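*Asks:* Sequence plus predicted model, see below.
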Amino acid sequence: MSSKYIADVVVVGAGHAGSEAALATARMGKQTIVIVMEKQSIGLMPCNPSIGGPGKGHLVREIDALGGEMGRNVDATAVQLRRLNTGKGPAVQSIRAQADRNAYHRRLRKVLETQPGLQVLQGEVIRLIIGDNGVGGVVLADGSRIEAKAVILSMGTYLNACIHRGEVHYAAGPYDKPVASRLSTHMQELGLSIVRFKTGTPPRARRHTLDYARMEEYAGDSDLSGFSFCETSERLAEESCWLTYTNEATHAIIRANMHRASLYSGAITGPGPRYCPSIEAKLKLFPDRQRHQVFVEPEGCNSDEMYLSGLSTSLPAEVQEEFVHTIVGLEKAEITLYGYAIEYDCLDPLQLEHTLQFKRYPGLYAAGQINGSTGYEEAAAQGLMAGINAVRYLRGEEPIVLRRDEAYIGVLIDDLVTKGTGEPYRILTSRAEYRLLLREGSADRRLTKLGYDIGLVDENRYQQFHQKAKAIEGEKQRLQKVIVKPGPHSAAVLKQMSSQPLHEGVSLSELLRRPEVTYAGLDAVDPQRPLLPEDVVSEVETDLSYAGYITRQERQVAAQRRMEERRISKEIDYEQITGLSKEAREKLQKVKPVSLGQAARIPGVSPADIDRLLMFLEKNRSQWRVHHE
């Protein structure tokens, strides 16, 4: 029996992207229906039960600063927190959380089901309602229609998904969940460009069958509060992770059965994630390496399963049993879930605007792994931005597009919609040109006011942020005014930090620019120092220690911004511009860049092509002047 529903926004899927999208639209005042094939899939972590790390942790902090949910959810369900890259500069340091997989799902499901203005509906979307003015809603498998003027697609890896394990192949999503094949077919009928990607997961083992005494323990950092800037939660438990390695015996078994791996037997056609390869791919890529890391991670504080990170595989179950038992500490491991590869359909992200709206269909958005990305954090970031922009579209307001110098979210989305991706895309700190400006700790200063302005950050939290920002600036000004004079006392203090003595009086802020000098180390020459929170101190120290580098990046941003401000009309026919290379014409025509800066980032568009484009724009300035130039 079919039914009819009416909503402002429909979100298809409630993984990490769909959950953020649905919460954003509901919290911004729009009646939202989120459709899931199974409620048990809400916030599912089909791969490793962790959040964060370089680049990814930066995204979570930005999601939190804008008023998203991921940071709060992982803080409340984490069983371990660790800060990574502590031996490197602040731009690449980040938090990584080990989460309780089931607790993460339960909490996020409860948040969705209790959010005012949000209805969770179980069903399968089989087609979109498309009218003359764009999207009009969705149709479910039971014939039900849900009418809405904005639809956000966030089906993750469930589109026409197929699981591969050796010679075994069958239609299923992660954890053998149902697939959405009919919607994939319908999207192709609409003329949308579909590509085929692959990802995978390792085997899980029973906790009490492992020998931890033979592995290296990795405990968490007890002094970390979490990802959310304003909310802290007591940890569910403190769990350790463990490190072991593959060896020559492991590799011999895998090499002997390489022809049975779905990845190399011809069963899998789609490319997999470059930065998280299967153990088979590692042996192909690094034939001379004698061992590979295996991180043994708890699935949760009440779970008897351990996740064998580093052993993602598409080999048959019996081969997995054999090679796992060659690894130190895993000799008697009882495998509870065999690893598998999963192949799925996703969209070519070049079909999207920076708002994540389809160029061809107004009101239709896509977010998450359906856009060719990989990772929970990348998905959540896209879901949040798609939700924000869907609401602003319905209100007739200007969209929110974060620049590459404003947020890793801006880097992520710009990379996808400008460059596309030939493999599952993963955020990396190296992808950000201005990563010193995009530090994890500065996310609230960069984005909280925006979150407040768009209605996702409440007044209480905004005031907390304002007080923190005021404390940072106040302390920086105070340090500028406090002068340290040369003498035996200051010389002794500086000597302890292996720094040269003073020849004239200098401010504390000037001293902090010396690489070897720390804020804590200057305590003895700063008797009036106020007691400040650790996060305030960290940002003060980084701002002053890296002031020269930050100023240099800000100048680079200003120069790049002039390129971004030179807008380009979408109506330009690049076939008519003489002097462009054939590849540049094709790429520019497909992407339809909105600015000269975006055009310059398109792969295959050379500096000479940009010069030709600039000449064309100058010559035809009056004809191609865009509305907001």
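*Replies:* Received it, and whenever you're ready, just let me know what you need.
*Asks:* Residue 357 and residue 394, how far apart?
*Replies:* 12 Å (CB to CB, to the nearest Å). From N, CA and C alone the C-beta is placed, and that goes for glycine too.
*Asks:* Of those two, which one has the most company?
*Replies:* Using other CB atoms under 10 Å as the criterion, residue 357 and residue 394 rank with residue 357 on top: 24 against 18.
*Asks:* who touches the spatially closest residue to the more buried one that is not a sequence neighbour in this structure?
*Replies:* Among residues not flanking residue 357 along the chain, residue 365 sits closest, at 5.1 Å (CB to CB, 6 or more residues apart in numbering). For residue 365, the contacting residues are 21, 150-153, 355-358, 386, 389-390, by CB atoms under 8 Å, 6 or more residues apart in numbering.
*Asks:* go again using 7 Å as the cut-off
*Replies:* By CB atoms under 7 Å, 6 or more residues apart in numbering, the residues touching residue 365 are 152-153, 356-357, 386, 389-390.
*Asks:* among the residues you listed, which two are most distant?
*Replies:* Across these, the longest distance by CB to CB is 13.6 Å; it joins 153 and 389.
*Asks:* OK, contacts around the most centrally placed residue in the chain?
*Replies:* Taking CA atoms, centre = their mean, the centroid of the chain lies closest to residue 378, which sits 2.4 Å from it. Residues counted as contacts of residue 378 (CB under 7 Å, 6+ apart) are 59, 412, 426-427.
*Asks:* Which helix in the chain has the most residues?
*Replies:* In the chain, with assignment by DSSP state H, the single longest helix is helix 459-481.
*Asks:* what is the mean pLDDT for it?
*Replies:* Helix 459-481 shows a mean pLDDT of 96.
*Asks:* picking up where we left off before, could you list everything the residue nearest to residue 357 pairs with in the sheet?
*Replies:* residue 152, residue 357 (DSSP bridges).
*Asks:* my read: residue 420 touches residue 347, true?
*Replies:* No - Residue 420 is beyond contact range of residue 347, at 10.4 Å (criterion: CB atoms under 7 Å).
*Asks:* still on that earlier bit, including distance to residue 609, could the contacts of residue 365 go into a markdown table?
*Replies:* Shown next, in a markdown table, are these (distance: CB to CB, whole Å):
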| residue | distance to residue 609 |
| --- | --- |
| 152 | 34 |
| 153 | 33 |
| 356 | 27 |
| 357 | 27 |
| 386 | 31 |
| 389 | 30 |
| 390 | 34 |
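*Asks:* pLDDT added to those, as CSV?
*Replies:* Shown next, in CSV, are the contacts of residue 365 (pLDDT from 0 to 100):
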residue, pLDDT
152, 98
153, 98
356, 98
357, 98
386, 98
389, 98
390, 98
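*Asks:* Mark which of the residues you listed are buried, thanks.
*Replies:* 152-153, 356-357, 386, 389-390 (16 or more other CB atoms under 10 Å).
*Asks:* Tell me the one of those nearest residue 400?
*Replies:* residue 389 (6.1 Å).
*Asks:* How much space separates that closest one from residue 356?
*Replies:* Per CB to CB, residue 389 is found 6 Å from residue 356.
*Asks:* now do residue 527
*Replies:* Taking CB to CB, one finds residue 527 at 53 Å from residue 356.
*Asks:* what does residue 98 give?
*Replies:* On the measure of CB to CB, residue 98 and residue 356 end up 30 Å apart.
*Asks:* Residue 155 against residue 178, yeah?
*Replies:* No - under the criterion of CB under 7 Å, residue 155 lies out of contact with residue 178, with a separation of 11.3 Å.
*Asks:* So between these two, which is more surrounded?
*Replies:* Neighbours were counted for residue 155 and for residue 178 using other CB under 10 Å; residue 155 has more, 33 against 14.
*Asks:* those helices in the stretch 451-600 of the chain, which residues are they?
*Replies:* Along the stretch 451-600 of the chain, counting by DSSP state H, counting those that start in this stretch, helices occupy 459-481, 488-496, 508-511, 534-545, 547-565, 582-591, 596-600.
*Asks:* Okay, and residue 393 sits in which element?
*Replies:* helix 376-395 (DSSP states H and E).
*Asks:* Can you name the next helix or strand after that helix?
*Replies:* Downstream of helix 376-395, the next assigned helix or strand under DSSP H and E is helix 408-414.
*Asks:* same for that next one, what does it pack against?
*Replies:* When contacts are defined as 3 or more CB pairs under 7 Å, 6 or more residues apart in numbering; DSSP states H and E, helix 408-414 packs onto helix 56-65, helix 376-395.
*Asks:* closest to residue 44 out of these?
*Replies:* helix 376-395 (9.6 Å).
*Asks:* which parts of that closest one are buried?
*Replies:* Here helix 376-395 shows 376-394 as buried, counting by 16+ other CB under 10 Å.
*Asks:* next one: stretch 325-333
*Replies:* Buried residues in stretch 325-333, defined by neighbour count with 16+ other CB under 10 Å: 326-330, 333.
*Asks:* Look up how far residue 248 lies from residue 431.
*Replies:* 35 Å.
*Asks:* Looking at those two, which one has more neighbours?
*Replies:* Between residue 431 and residue 248, counted using other CB under 10 Å, the more crowded position is residue 431 (16 against 10).
*Asks:* Quick check on the more buried one: phi, psi?
*Replies:* phi -80, psi -20 (degrees, to the nearest 10).
*Asks:* can you tell me how far it sits from residue 290?
*Replies:* From residue 431 to residue 290 the distance is 31 Å (CB to CB).
*Asks:* ok so, going back, tell me the one among the buried residues of stretch 325-333 nearest to residue 565.
*Replies:* Using CB to CB, residue 327 comes nearest to residue 565 of those, at 55.2 Å.
*Asks:* ok so, going back, adding distance to residue 615 and mean neighbour count, write the helices of the stretch 451-600 of the chain out as JSON lines.
*Replies:* What follows is the helices of the stretch 451-600 of the chain, written out as JSON lines (distance: least, CB to CB, whole Å; neighbours: other CB atoms under 10 Å):
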{"stretch": "helix 459-481", "distance to residue 615": "44", "mean neighbour count": "15"}
{"stretch": "helix 488-496", "distance to residue 615": "57", "mean neighbour count": "14"}
{"stretch": "helix 508-511", "distance to residue 615": "47", "mean neighbour count": "21"}
{"stretch": "helix 534-545", "distance to residue 615": "41", "mean neighbour count": "19"}
{"stretch": "helix 547-565", "distance to residue 615": "15", "mean neighbour count": "13"}
{"stretch": "helix 582-591", "distance to residue 615": "14", "mean neighbour count": "17"}
{"stretch": "helix 596-600", "distance to residue 615": "12", "mean neighbour count": "21"}
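*Asks:* out of those helices, nearest to residue 51?
*Replies:* Minimum separation from residue 51 across these (CB to CB) falls at helix 534-545, 19.1 Å.
*Asks:* Nice, that's everything, thank you.
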